[in-house]
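Novice: this one's structure only:
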């Protein structure tokens, strides 16, 4: 990993080799003292997708299918568990993940084709399982909006996870979907500290903007919840109760949390981030993560990967449960989404 200084507006300045690269290059000082400036601009490549619905069998997830209209994410969250997926495209999980993005330009058309197949069985589709559907490039490419238009036309239920205030641009579609019990939104809220947000999630919406999104969505009749994720020991875990209180006051109907996950290349990137921004507590943060992951920085086992285990994880779970009870989140859960209304255009709805 190179030793570049942090870049303003980016989660990392480092661009480690992806694990599938056949060759590796090393930077050597040849005495000429010539440096090539590190590119900070965002590049977007187009991809013609052959399929768009991804399936999973994870018992840790409340959905079995999802759509990611983009590969990579401009939000630049240093902890993002999706970073390693960029290696499949011969790109780095580091700076490449947040600057060299891929847009599935035919996503809406492929979705309509897949939903129209005779054997398709309807169940809620999640947008944002891997990368954020409302990252900044969505403003121009509008892939998420086009997907929502297809889902509304087919009367297909959808759930969304985002930390982008751009979700409010599609309030018209979301409100119409919600009126038919076809939509639910989860706003990811990690911190109320603007300074921490700027280095932890550089290009994501501000905490105030996310709370406003919760408020506006709820006022429009869209079921909305808050996802306090990830909880990072000694970085933002002390904010858990405050995050839940702020979201509750904004109108959130449900809440969830997850422990930080550091698979593969994410771990060294996160450790370098700690040294860059919190060097005095870096060792303590890593120690607490290891205590919650059986001595490792990551535990991929179902059932424990989202919550962790051990003293710190148990205390976090207890704090969350007490706050949920005090704020009465369990008493205002939204209705389940409706799969019975699903009907591809041109097909007659079932009578039973």
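Specialist: Structure received. No experiment lies behind these values; they were computed from the predicted model shown.

Novice: What residues does the nearest residue to residue 222 once chain neighbours are set aside make contact with?
Specialist: Once flanking residues are discounted, residue 222 sits nearest to residue 178: 4.4 Å by CB to CB, 6 or more residues apart in numbering. To be clear about C-beta, it is placed using only N, CA and C from the backbone, and glycine gets the same treatment. Contact partners of residue 178, counting by CB atoms under 8 Å, 6 or more residues apart in numbering, are 184, 220-223.

Novice: what does residue 310 give?
Specialist: Residue 310 neighbours (CB under 8 Å, 6+ apart): 291-292, 294.

Novice: okay, the residues you listed in a markdown table with secondary structure, neighbour count and pLDDT next?
Specialist: Listed next are those as a markdown table, based on DSSP: H, G, I helix; E, B strand; the rest coil; neighbours: other CB atoms under 10 Å; pLDDT from 0 to 100:
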| residue | secondary structure | neighbour count | pLDDT |
| --- | --- | --- | --- |
| 291 | helix | 16 | 97 |
| 292 | coil | 25 | 97 |
| 294 | coil | 13 | 94 |
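
Novice: just curious, which of those is nearest to residue 337?
Specialist: residue 292 (32.6 Å; CB to CB).

Novice: That closest one reaches residue 312, doesn't it?
Specialist: Yes - assessed by CB atoms under 8 Å, residue 292 is found in contact with residue 312 at 5.2 Å.

Novice: For the stretch 1-150 of the chain, give me the ranges with low pLDDT.
Specialist: Applying pLDDT under 70 to the stretch 1-150 of the chain flags the ranges 1-5, 21-40.

Novice: hmm, back to that, mutual contacts of residue 292 and residue 312, please.
Specialist: residue 233.

Novice: between the contacts of residue 310, which is nearest residue 78?
Specialist: Looking across these and measuring by CB to CB, the closest to residue 78 is residue 292, at 18.2 Å.

Novice: From residue 285, how far out is that closest one?
Specialist: 11 Å (CB to CB, to the nearest Å).

Novice: again with residue 320
Specialist: In terms of CB to CB, residue 320 sits 20 Å off from residue 285.

Novice: likewise residue 161?
Specialist: Separation of residue 161 from residue 285 (CB to CB) stands at 25 Å.

Novice: Equivalent analysis for residue 174, please.
Specialist: For residue 174 relative to residue 285 (CB to CB), the value is 37 Å.

Novice: Neighbour count: the two, which is higher?
Specialist: In this view residue 174 and residue 285 are compared by other CB atoms under 10 Å, and residue 174 has more residues nearby, 26 against 19.

Novice: quick one: the more buried one is in a strand?
Specialist: No - looking at residue 174 with DSSP: H, G, I helix; E, B strand; the rest coil, it is helix, so not inside a strand.

Novice: Report pLDDT for it.
Specialist: Note on residue 174: pLDDT of 98.

Novice: Backbone dihedrals for residue 185, both of them.
Specialist: phi -120, psi 140 (degrees, to the nearest 10).

Novice: pretty sure it contacts residue 163?
Specialist: No - checked against CB under 8 Å, the pair residue 185 and residue 163 is beyond contact range at 11.4 Å.

Novice: Neighbour count for these two, which is higher?
Specialist: Neighbour tally, residue 185 and residue 163, criterion other CB under 10 Å: the higher count belongs to residue 163, 28 against 24.

Novice: Find the residue closest to residue 337 in space, skipping its chain neighbours.
Specialist: Counting by CB to CB, 6+ apart, the residue nearest residue 337 is residue 157, at 3.8 Å.

Novice: Show me which residues of the longest helix belonging to the chain are buried.
Specialist: For the chain, the longest helix by residue count, based on DSSP state H, is helix 311-326. By neighbour count with 16 or more other CB atoms under 10 Å, helix 311-326 contains the buried residues 312-313, 316, 319-320, 323-324.

Novice: before we move on, what about stretch 326-333?
Specialist: In stretch 326-333, counting by 16+ other CB under 10 Å, buried: 327, 329.

Novice: what about it, start to end distance?
Specialist: 15 Å (CA to CA, to the nearest Å).

Novice: And what about residue 229, helix, strand or coil?
Specialist: strand.

Novice: Provide a list of residues in contact with it.
Specialist: Per CB under 8 Å, 6+ apart, neighbours of residue 229: 188, 190, 256-258.

Novice: swap the cut-off to 7 Å and go again
Specialist: 188, 190, 257-258 (CB atoms under 7 Å, 6 or more residues apart in numbering).

Novice: Same question for residue 114.
Specialist: So residue 114 contacts 51-53, 120 (CB under 7 Å, 6+ apart).

Novice: could you redo the last one with a cut-off of 6 Å?
Specialist: Each residue near residue 114 by CB atoms under 6 Å, 6 or more residues apart in numbering is listed here: residue 53.
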